[in-house]
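**Student:** Provided below are the primary sequence and the corresponding predicted coordinates.
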Amino acid sequence: MPDLVLEVREVDKIYGEAETAIYALKNVSFSVKKGEFILIVGSSGSGKSTLLNMIGLLDRPTNGKVFIDGLDTSTLNDNQISSFRNSKLGFIFQFSNLLADLTVLENVVLPRRIQKTDTNAVEEAKLLLKTVGLESQMNKYSNKVSGGQAQRVAICRSLINKPTIVLADEPTGNLDSVSAETTVQLMKSLNRKLGHTFIVVTHDRQQFGDVDKVITIRDGKIIEDEITEIPTIT
Amino acid sequence: MDYRAKVGLRFITRRRGSLIAASLAVAIAILVVQVNVVIFQGLYNAIVRDQINYRFGHVYITRQENFITKSDKMLVNWLERIPYVDAAAPRLDAVASINATGSGQTIRDYSVPVIGVDPVLDTKASTMYKTVGDGQYVSSRNSIVLGAIVARDLGNSHVGDSVKLKFKDRNGVDELRRFTVVGITETAGSVGLDNSVIMNIDTLREILGRPHETQSIMVKLNDPTKDQEVKDLFLRAFPTRSDNFKAQTIEESAETTLSGFRSGIALINLVGYFGMMSSAFAVVTIQMMQVTSKTREIGIMRAIGSRRKDILIIFIFQGMVIGAIGAGLGTIFGVSYTAYAKETHMTFQGSLALEVTYNWLGILQTDILAFLLAVVASIYPAYKATKLQPVEAMRFA
């Protein structure tokens, strides 16, 4: 299946041992094709952020495997995982998680600096910031921009290395409704224009309208994994 | 600039309080070491200086277990032909019993060291004459200069007073002489001849019955670094067994006085370096606080691809920045204090004036040590930072 960019195969995540063991994820399997926009939904504590951490290689599954671009990520050591995260994955977090001591532009360029492929990094970062309407803010320190703007900066940062998959954990969870709507539209538009695969964890599926797939999680298990047409709220 | 250096620099410079506190800890440690050096090395140098000026010269010539019988004029002339020699002067030492009469009563009667000097040559080879605060230096045959302690012990003798000294000549016969006090000599810290009396060398020779004999010759050089050379030249020129000369550099002649002091300086320097260690603990504490305050940022950086090694480098680089700024500030403070001490001829409660020199190599060594300590002190906090898991770290508010 050459189009598959992600395959999660029989993943368990267990916290604690023996009698005190708690399954945060239980036998989770699904796959994602290149360019898809996927929602992972579920109530608080259902395990959706844990799943995203497994996909983002920020945590390791207790059992099972995660394949990204056909590579079994369980075979990677710590340095290889860091390098893999840097080049193949983009992250958007609920609280934008920008470095307050760097400017907006420096935050966007940072993944490229880590990758040590600085050529045209600044120009590309400026272009991305222009795309999201933040060219006038690029020299401000990141803690001096609004929450909505910070989230757009985080989106730019997630895209600077042209990742295989962009992972977003409740990207609108900390935003007002207008900023949230702007952020959603921006991600979807970038998905369409640039063809990046987006996997978004949210508890508000309505906010995202039409997507390619919705994975619903409850108590650590996938209870729904299907191509879902969500009616647009009018 | 490497991104790790840039991020490290931003982390630390945007928290100015931490940067200032950590840098000051390093700077103050350097200052403490520098103050120790200025005071104790300055005191050591001052003692060496005064021992040279008042007692031994740069080269001190005696004869093994006996008086020098060769003509002092001949020896002085020979020495003064050496280009490095500024001046040379003979001296003769003796002991006498001294007393003074005041209000018809004898005041004290005790032994004092007596030093016979050549009034002309001694003012060239020694600065002893400059310590005469009241009156003048030895001139005529029956004049005498009292050390300040002797003058005090004699009931505050003054210039113009009469004192009696009783000597034993070379045959053991008592010789009583009366002298007129022409000056009182007083040195800071009493390192000069404050407990002695100074008189004309020819008078002393005559009293002791040693008309042409000399105890020692102090040699003043225009280039003190040539002391060993002058010493060797002299010993090569007068090698015979009958001469039996002994020539010593100041380090050798004043060894008894200086050796104990050197140990003291080493101990004080050790205390200073322990102070520097405590500054390293301050850096560790501040860097640990820095790591704690940047936990979320560390998590973010790990999440977007920084390796553990990169995080380590960021915080070690911060240690380098702290060390460099601290060393810079410490050098400024230390050199300023040194300059102040040098320009003001710093003394402590009337002690001898410190002989302050700029020890650039010592300053550089202290700076490098402080810098390295700041870097080493950053290793543990940096290591702790690398152990943070991205997910856990990013939850840190």
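**Tutor:** It's in. Residues are numbered from 1 along each chain as shown, chains lettered A, B, ... in the order given.

**Student:** in what helix or strand does the residue in chain B that chain A sits nearest to lie?
**Tutor:** Nearest residue of chain B to chain A (C-beta to the nearest C-beta) works out as B:Gly305 at 2.4 Å. Just so you know, the C-beta spots here come from the backbone N, C-alpha and C atoms, and that holds for glycine as well. Using DSSP states H and E, B:Gly305 sits in no helix or strand.

**Student:** thinking it is in contact with A:Asn86, fair?
**Tutor:** Yes. Using C-beta atoms under 8 Å, B:Gly305 makes contact with A:Asn86 at a distance of 2.4 Å.

**Student:** Find the residues that touch each one of these two.
**Tutor:** Common contacts of B:Gly305 and A:Asn86, defined by C-beta atoms under 8 Å, 6 or more residues apart in numbering or on different chains, comprise A:111, A:114-115.

**Student:** Just give me the least confident of these.
**Tutor:** Lowest in pLDDT among the shared contacts of B:Gly305 and A:Asn86 is A:Gln115, which has 87.

**Student:** which residues touch the residue of chain B closest to chain A?
**Tutor:** Neighbours of B:Gly305 in contact, by C-beta under 8 Å, 6+ apart: A:82-83, A:85-87, A:111, A:114-115.

**Student:** Any buried residues in stretch B:309-329, and which?
**Tutor:** Using 16 or more other C-beta atoms under 10 Å in any protein chain shown as the test for burial, stretch B:309-329 gives B:310-329.

**Student:** Among these, which lie within helices?
**Tutor:** B:310-329 (DSSP state H).

**Student:** Out of these, which are close to chain A?
**Tutor:** B:Asp310 (C-beta under 8 Å from any C-beta of the partner chain).

**Student:** B:Asn244: neighbour count?
**Tutor:** Other residues within reach of B:Asn244, judged by other C-beta atoms under 10 Å in any protein chain shown, total 14.

**Student:** Count the neighbours of the closest residue to it other than its chain neighbours for me.
**Tutor:** Closest residue in space to B:Asn244, ignoring its immediate chain neighbours: B:Gln64 at 4.7 Å, by C-beta to C-beta, 6 or more residues apart in numbering or on different chains. Neighbour count for B:Gln64, taken as other C-beta under 10 Å: 8.

**Student:** mind checking the backbone torsions on B:Gln64?
**Tutor:** Per-residue torsions, B:Gln64: phi -60, psi 120 (degrees, to the nearest 10).

**Student:** Could you do A:Val41 as well?
**Tutor:** When quoted as degrees, to the nearest 10, the phi and psi of A:Val41 stand at phi -120, psi 160.

**Student:** mind checking how far the closest residue to it other than its chain neighbours is from B:Ile98?
**Tutor:** Spatial nearest neighbour of A:Val41, chain neighbours left out: A:Arg205 (4.7 Å); criterion: C-beta to C-beta, 6+ apart. Distance of A:Arg205 to B:Ile98, given as C-beta to C-beta, to the nearest Å: 112 Å.

**Student:** Those two - which one has more neighbours?
**Tutor:** B:Ile98 (24 against 17).
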